[in-house]
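> Take this sequence and fold it.
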Amino acid sequence: MGFPGTWMTESESMLYRVVPKCACSTIGQIMYFSDHGQFFDGDIHDAQSGLHKWAMDDSQEAISRNVKSHRTYAFTCVRNPYTRILSSFFDKICGIQRNGKRYRGNLVPTLIFNYGIEVGGDDGKGEFDQIQSFRRFLLFARDTIRWRRPMDPDIHWSAMSGHVATFIANGGRYDRIFWTEKFNEGMQDVLNHVETPNPVKLAEIPRFNESEGHGPKRAHPVEDYFDDLSMHLVYEIYKRDFELFRYDFENPGNKMPIGEIDLDEVHAKLGD
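Take a look at the predicted model:
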């Protein structure tokens, strides 16, 4: 199986397990900048050079060697499950993607037909009942994760613990897992542990939010989208994420973690 979703700087200074919707564009650009002294011109997910990626055959040997010898500082980043699934809805379901089309072709028409959701019209900018449509999307997300129908779960709403676990299961070990909600603190700690060809001044790094502007703006506070049933569905899908990464299930309005991540616990529970 190897190490899917793993990126590494060409200088082998740091190694990152991508978790979708968790600041991955910004982290990738920081890694690219640390090697090359400039940012990648475009979405870092499209970069075919300048960064080792498991998806590129030529990178796999270098990544495997470094993961297995634990020679390179390895980290990942996680996010509150409530805000992550909301972000996935507005970006991937309601939004028009970089190619000018809907995400995954017939996915949105299927959701409209089978689950009765609305997405703001053809351009994603029309008025619609965001709360009702999001809750119906949540049923769909649960169906894909629980029963793998009407399709396999998408990487943007499958559990973070699942992404994090593949790295551990194949012999990797994380040196640091930090929260997007405390991004500067966490990313700075990573940078403090590595030597890079070019210095990175985190305060001067822009945020590369590649999904921004794809879909409609969220019209309500986070907690308004989650009634009792929605919270139950979220817990069913993301129970392990809440527990391992110390997020507050009881209060959807609190996006901040409520405890420290225990790396030994993460490795023990996700390494089974």
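> if we look at the worst-scoring helix or strand of the chain on mean pLDDT, which residues are touching it?
Least confident helix or strand of the chain, by mean pLDDT, DSSP states H and E, is helix 107-115 with a mean of 91. Applying Cβ atoms under 8 Å, 6 or more residues apart in numbering, the external contacts of helix 107-115 come out as Ile93, Arg102, Ile117, Glu118, Val119, Arg136, Phe137, Leu139, Phe140, Pro150, Met151. From N, CA and C alone the C-beta is placed, and that goes for glycine too.
> Quick check, pLDDT for the third one.
The reference is to Ile117. pLDDT recorded at Ile117 is 94.
> Equivalent analysis for the one 3 residues further on, please.
The predicted local distance difference test score for Gly120 is 83.
> how about it, secondary structure?
coil (DSSP: H, G, I helix; E, B strand; the rest coil).
> Tell me the backbone dihedrals of the residue lying closest to it once chain neighbours are set aside, please.
Excluding the flanking residues, the one nearest Gly120 by Cβ to Cβ, 6 or more residues apart in numbering is Gly126, at 4.4 Å. Main-chain torsions, Gly126, degrees, to the nearest 10: phi -80, psi 160.
> Tell me which strands the top strand by length along the chain pairs with, and in which orientation.
When the chain is scanned for its longest strand (criterion: DSSP state E), the result is strand 73-78. Take DSSP bridges as the rule and strand 73-78 pairs in its sheet with strand 14-17 (parallel), strand 176-179 (parallel).
> Can you get me a residue count around Trp54?
19 (other Cβ atoms under 10 Å).
> Burial check on the nearest residue to it once chain neighbours are set aside, number of neighbours?
Closest residue to Trp54 apart from its sequence neighbours, by Cβ to Cβ, 6+ apart: Thr6 at 4.6 Å. Applying other Cβ under 10 Å, we find 26 residues neighbouring Thr6.
> what is Thr6 paired to in the beta sheet?
Going by DSSP bridges, Thr6 forms beta bridges with Arg17.
> which residues of this structure score low on pLDDT?
210-214 (pLDDT under 70).
> give me that answer again for 80
1, 98, 121-125, 209-215, 272 (pLDDT under 80).
> Kindly state the domain boundaries assigned to it.
Structural domains assigned to the chain are 6-80+156-204, 82-155+216-238, following automatic domain parsing.
> Could you dump these into CSV with distance to His267 added?
Below are the domains of the chain laid out as CSV (distance: least, Cβ to Cβ, whole Å):
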stretch, distance to His267
domain 6-80+156-204, 6
domain 82-155+216-238, 19
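> Quick one, which of those gets closest to Glu265.
domain 6-80+156-204 (10.8 Å; Cβ to Cβ).
> Show me the helices in the stretch 1-150 of the chain, by range?
Along the stretch 1-150 of the chain, counting by DSSP state H, counting those that start in this stretch, helices occupy 24-36, 57-69, 81-88, 107-115, 130-147.
> most packed of these?
Mean neighbour count, computed with mean count of other Cβ atoms under 10 Å, is highest for helix 81-88 among those, reaching a mean of 23.
> Mind giving me the packing neighbours of that one?
The contact analysis (3 or more Cβ pairs under 8 Å, 6 or more residues apart in numbering; DSSP states H and E) places helix 81-88 against helix 130-147, helix 228-245.
> can you list those helices in a markdown table and add distance to Thr26?
Shown next, in a markdown table, are those (distance: least, Cβ to Cβ, whole Å):
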| stretch | distance to Thr26 |
| --- | --- |
| helix 130-147 | 25 |
| helix 228-245 | 19 |
